[in-house]
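Undergrad: Here's my sequence, what's the structure:
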Amino acid sequence: MESSTILFSVIIALAVALTGVVVYVFTENSHQSTMMMETSTPDQFQGMTRTYYIASDEVNWNYAPAEINLITGKPYDNDTGLYVKNTKDRIGSVYLKCLYQGYTDDTFTILQSVTDKWKHLGIMGPVIHAEVGDTVKVVFKNNCRIPTSMHPHGLFYLKESEGAQYDDGIFDSDKGGDIIQPGENYTYTWQVPERAGPGPGDPSSVLWMYHSHVDEVGDTYAGLVGPIIVTRHGMANPDGSPKDVDQEFVTLFTIFDENRSPYLDYNSQTFPQVPKSVDQNDPDFVESNKKHSINGYIFGNLPGLVMKENTHVRWYVAGMGTETDIHTPHWHGQTLLMNGMRTDMVELLPMSMKVLDMVPDDTGIWLFHCHVNDHIKAGMLALFTVEKNNDTQSFNQ
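TA: This is a model prediction of the structure:
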């Protein structure tokens, strides 16, 4: 009996020693993280606990900050101007939105600095990186005037961290993360088991998305969406990104229908030059509020898509929206691999999440756009740059 007790104590001591994991906390000046030790219960794989501080904030978002069409290099004409020009009865390119933003700690006083490699995220919330075996904790605060939440795709969660309200037979008191009222905080806990990571035919990392699910339609049109990248166990850098990739890009193709945003009335009465002249039922007004965007930018305004030739670039592409959100992203000048197949375009439906690998070999400035004709006309276009690389040998794919 005594020997059994001793053996049990040794097992417990070993378990405690093996469950020391790392909590990731954002610093002010970097997307990288500082570390603190914490204990957790291991699953199939031993991992880290990564803590993110994210708030839903109200932001005046500009879909087209440049004064000209950056795709043509010319002023907007009558057709393209419909989507960007501010007039007596048109909102223009600036709208109040509710967006996810990263912070350095749970005081939510200092915004997380966005480094150059993530400037292209645009309207999306910060990337949540994780490795199979990890635990993700999101300390969340709602700074918007509407109720919000955070609902993750792909990860494992209990009902209290689902972030989605519906009649599931669970008492509301047991689902505190479903609705976060203005000014309130909540901590979500999500596990990253093997089934949340890359499958046998996947590359070393996969894409999931997170978004608000209080009023899922209105919340996502308001801008509440962000990416989750999960790396295969043993293939992650300390920050959770895949070791075998030189650069990551995340792009979201969606038509932000501002007519269905909870901020429509505010935007209609704030930004037009003569707000009293606005007719929200006018067909041209309705069309002007449909922003055919990549990461919340239109007509070439998306920044930060810059890479070196002959490097391993991973593209995560996602769609969101309604039946008009059938998108076909196409890269000029380069080809990519997806599921072992060569391509230069990919098909997206709402909340599709796909991963493609590129080894750019043709330097220059290239077009990246949705190939749906109506979406081209409405500005779902961006530019990416491949720079000359004198530092590395050719990367074969």
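
Undergrad: Check the offset of stretch 324-331 from the chain's centre.
TA: Its chain's average C-alpha position is 17 Å from that of stretch 324-331, according to Cα atoms, centre = their mean, to the nearest Å.

Undergrad: residues in contact with it?
TA: Under the contact criterion Cβ atoms under 8 Å, 6 or more residues apart in numbering, stretch 324-331 has outside partners 251, 253-255, 317, 319, 344-350, 358, 366-372, 375, 380, 384. From N, CA and C alone the C-beta is placed, and that goes for glycine too.

Undergrad: Let's see which of those end up in helices.
TA: Assigned to helices by DSSP state H, the following of those qualify: residue 375.

Undergrad: Out of the contacts of stretch 324-331, which end up buried?
TA: Of all the contacts of stretch 324-331 considered here, the ones buried according to neighbour count by 16 or more other Cβ atoms under 10 Å are 251, 253-255, 317, 319, 345-346, 348, 350, 358, 366, 368-370, 372, 375, 380, 384.

Undergrad: Tell me how far the closest residue to residue 384 other than its chain neighbours lies from residue 358.
TA: If you skip the residues right next to it in sequence, residue 384 has residue 305 as its closest partner in space, 3.7 Å away by Cβ to Cβ, 6 or more residues apart in numbering. Relative to residue 358, residue 305 is positioned 11 Å away (criterion: Cβ to Cβ, to the nearest Å).

Undergrad: Strands of the stretch 201-350 of the chain, residue ranges please.
TA: For the stretch 201-350 of the chain, strands defined by DSSP state E, counting those that start in this stretch occupy the ranges 205-211, 225-231, 247-257, 290-294, 306-308, 313-320, 329-331, 336-338, 341-343.

Undergrad: For residue 341, give its distance to residue 206.
TA: 17 Å.

Undergrad: For these two, indicate the residue with more neighbours.
TA: Set residue 341 next to residue 206 and count neighbours by other Cβ atoms under 10 Å: residue 206 wins out with 22 against 8.

Undergrad: unless I'm mixing things up, that one is touching residue 194, no?
TA: No - the criterion here is Cβ atoms under 8 Å, and residue 206 misses it with residue 194 at 11.7 Å.

Undergrad: which regions of the stretch 1-150 of the chain sit below the pLDDT cut-off?
TA: Across the stretch 1-150 of the chain, the stretches falling below the confidence threshold (pLDDT under 70) are 1-44.

Undergrad: Do a quick rundown of the helices in it.
TA: Listed in chain order, the helices of the stretch 1-150 of the chain (DSSP state H, counting those that start in this stretch) span residues 2-18, 78-81.

Undergrad: Tell me which residues touch residue 250, please.
TA: Counting by Cβ under 8 Å, 6+ apart, residue 250 touches 120-121, 124, 127, 207, 227, 229, 295, 316-318.

Undergrad: Could you do residue 375 as well?
TA: For residue 375, the residues meeting the contact criterion (Cβ under 8 Å, 6+ apart) are 255, 292, 327, 369.

Undergrad: Kindly report the same for residue 209.
TA: Neighbouring residues of residue 209 by Cβ under 8 Å, 6+ apart: 152-153, 225-228, 318, 320, 351, 353.

Undergrad: now, which of these sits nearest residue 106?
TA: Comparing the contacts of residue 209 against residue 106 with Cβ to Cβ picks out residue 226 as the nearest, at 18.5 Å.

Undergrad: which residue packs closest to the closest one, ignoring adjacent ones?
TA: In space, residue 226 comes closest to residue 125 once its chain neighbours are excluded; the distance is 2.7 Å by Cβ to Cβ, 6+ apart.

Undergrad: same check, this time on residue 152
TA: Using Cβ to Cβ, 6+ apart and skipping residues adjacent in sequence, the residue nearest residue 152 is residue 210, 4.6 Å away.

Undergrad: Extract the C-alpha set from stretch 288-295 and format it as PDB.
TA: As requested, C-alpha coordinates have been extracted for stretch 288-295 and formatted as PDB (Å, rounded to 0.1, in the frame of the first residue of the first chain):
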ATOM      1  CA  SER A 288     -22.700  52.300 -53.300                       C
ATOM      2  CA  ASN A 289     -22.700  50.600 -49.900                       C
ATOM      3  CA  LYS A 290     -21.600  47.200 -51.200                       C
ATOM      4  CA  LYS A 291     -17.900  47.200 -50.800                       C
ATOM      5  CA  HIS A 292     -16.300  44.500 -52.900                       C
ATOM      6  CA  SER A 293     -13.200  44.200 -50.900                       C
ATOM      7  CA  ILE A 294     -10.000  42.200 -50.200                       C
ATOM      8  CA  ASN A 295      -9.200  42.600 -46.500                       C
END
